[in-house]
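Enquirer: Take this sequence and fold it.
(one chain, ligands or ions: 1)
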Amino acid sequence: MRLLSTSPIVVLTGAGISRESGLHTFRDADGIWAQVRLEDVATPEGYARDPARVQAFYNARRHGLNDPGVVPNAAHFALANLERLWPADVLVVTQNIDDLHERAGQQRLIHMHGELLKAFCTQCRVVERCTSDLSVTDACPNCGAVGTLRPDVVWFGEMPYQMERIYEALAACDLFVSIGTSGNVYPAAGFVAEARANGAHTVELNLEPSEGATLFAESVLGPATEVVPGFVNELLALL
Ligand code: BV8
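Expert: Below you'll find the predicted structure:
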């Protein structure tokens, strides 16, 4: 399909885009799910069973993200550049809970699985910025309830955020690009089918073919810091 400068673009990102910034993925050999069972730390049942264990899991990931050596990489900056220079809408939908897209300058961004640097109170539902450890003895700064603050992260079995806005964007886009995701987790893994159904051109930029690789019209394999800037430069050359 021919892309025009009026073509809206939707980009889905996963843990692979942050790998070269020093953050682990989930399902690679050295991934997070090789260290801990997702049922124990990324489900409401796991949290109800042992909230201190879940808080410790996300506290450790927050420490990792706060490491001064963890910074946005060339792939994050390329997407922020695309948003700035592409004449039509560019929407980045990320499964990641890190803040590397923001720190690279991305403005139109949806964290469909929530954000590691936010917490919400299960009592009053208020959402607060959270850059340090959470514990089961913390009191909510808004309602004063104790032990009700949890990471503002979407666990398995919970509804991802802003799904209506995402499906609207998928129905309207001319180009859907999936970057650094294994295509294992739904509903994100189903976005490529939604985009194809509306006639969009679909591209996968990944280190290796994902679970949904055959659904993409085009695929460029390689590390994100190489393939993403290259792909963005090709798009901008169309202008
Ligand atoms: C829901 C928490 C419904 C945050 C996460 C069908 C339809 C709908 C739901 C389901 C369905 N089938 C099953 C389900 C349930 C479930 C699901 O999908 N289960 C899977 C395991 C089968 N889905 C859900 O529960 C979702 N909720 O559907 O709710 C509902 C309806 C009504 C009312 C209420 C509810 C919720 C899903 C969100 C779960 N939370 N994490 C956190 O701790 O981070 S998911 C977890 O996996 C992470 O968030 C992560 O974002 C996500 C996806 O992982 P990836 O990002 O893809 O990472 P991965 O390691 O897998 O892959 C990395 C890729 O990068 C690899 O391909 C690798 O090759 C590549 N790579 C590596 N290095 C590089 C690279 N690429 C480029 N460059 C590199 N350098």
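Enquirer: Mind listing the strands the longest strand belonging to the chain pairs with, and their directions?
Expert: The single longest strand within the chain, with elements called by DSSP state E, is strand 114-121. Strand pairing for strand 114-121, using DSSP bridges, gives strand 127-129 (antiparallel), strand 149-153 (antiparallel).
Enquirer: What is the subsequent helix or strand relative to the longest one?
Expert: As assigned by DSSP states H and E, the chain's next helix or strand after strand 149-153 is helix 163-172.
Enquirer: if we can go back for a sec, what is the distance between the longest strand of the chain and the centre of its chain?
Expert: Distance, stretch centre to chain centre, for strand 114-121: 14 Å (Cα atoms, centre = their mean, to the nearest Å).
Enquirer: hmm, who's touching that strand?
Expert: Outside of strand 114-121, the residues within contact range by Cβ atoms under 8 Å, 6 or more residues apart in numbering are 58, 61-62, 65, 97-99, 126-131, 134, 140, 142-143, 145, 148-154, 161. In this view, the C-beta of every residue, glycine as well, is placed from N, C-alpha and C.
Enquirer: Contacting the ligand as well, which ones from those residues?
Expert: Filtering these for proximity to the ligand by Cβ under 6 Å from any ligand atom leaves 97, 153-154.
Enquirer: How are the helices of this protein distributed by residue range?
Expert: Listed in chain order, the helices of the chain (DSSP state H) span 38-41, 44-49, 51-66, 74-85, 100-103, 163-172, 191-197, 224-236.
Enquirer: Switch the ones you listed over to a markdown table; also include mean neighbour count and mean pLDDT.
Expert: Listed next are those as a markdown table, based on neighbours: other Cβ atoms under 10 Å; pLDDT from 0 to 100:
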| stretch | mean neighbour count | mean pLDDT |
| --- | --- | --- |
| helix 38-41 | 16 | 96 |
| helix 44-49 | 14 | 97 |
| helix 51-66 | 17 | 97 |
| helix 74-85 | 21 | 98 |
| helix 100-103 | 20 | 98 |
| helix 163-172 | 15 | 98 |
| helix 191-197 | 20 | 98 |
| helix 224-236 | 19 | 97 |
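Enquirer: Rebuild those as JSON lines, extending it with distance to Ser210.
Expert: Compiled in JSON lines, these are given as follows (distance: least, Cβ to Cβ, whole Å):
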{"stretch": "helix 38-41", "distance to Ser210": "18"}
{"stretch": "helix 44-49", "distance to Ser210": "26"}
{"stretch": "helix 51-66", "distance to Ser210": "23"}
{"stretch": "helix 74-85", "distance to Ser210": "16"}
{"stretch": "helix 100-103", "distance to Ser210": "20"}
{"stretch": "helix 163-172", "distance to Ser210": "17"}
{"stretch": "helix 191-197", "distance to Ser210": "9"}
{"stretch": "helix 224-236", "distance to Ser210": "13"}
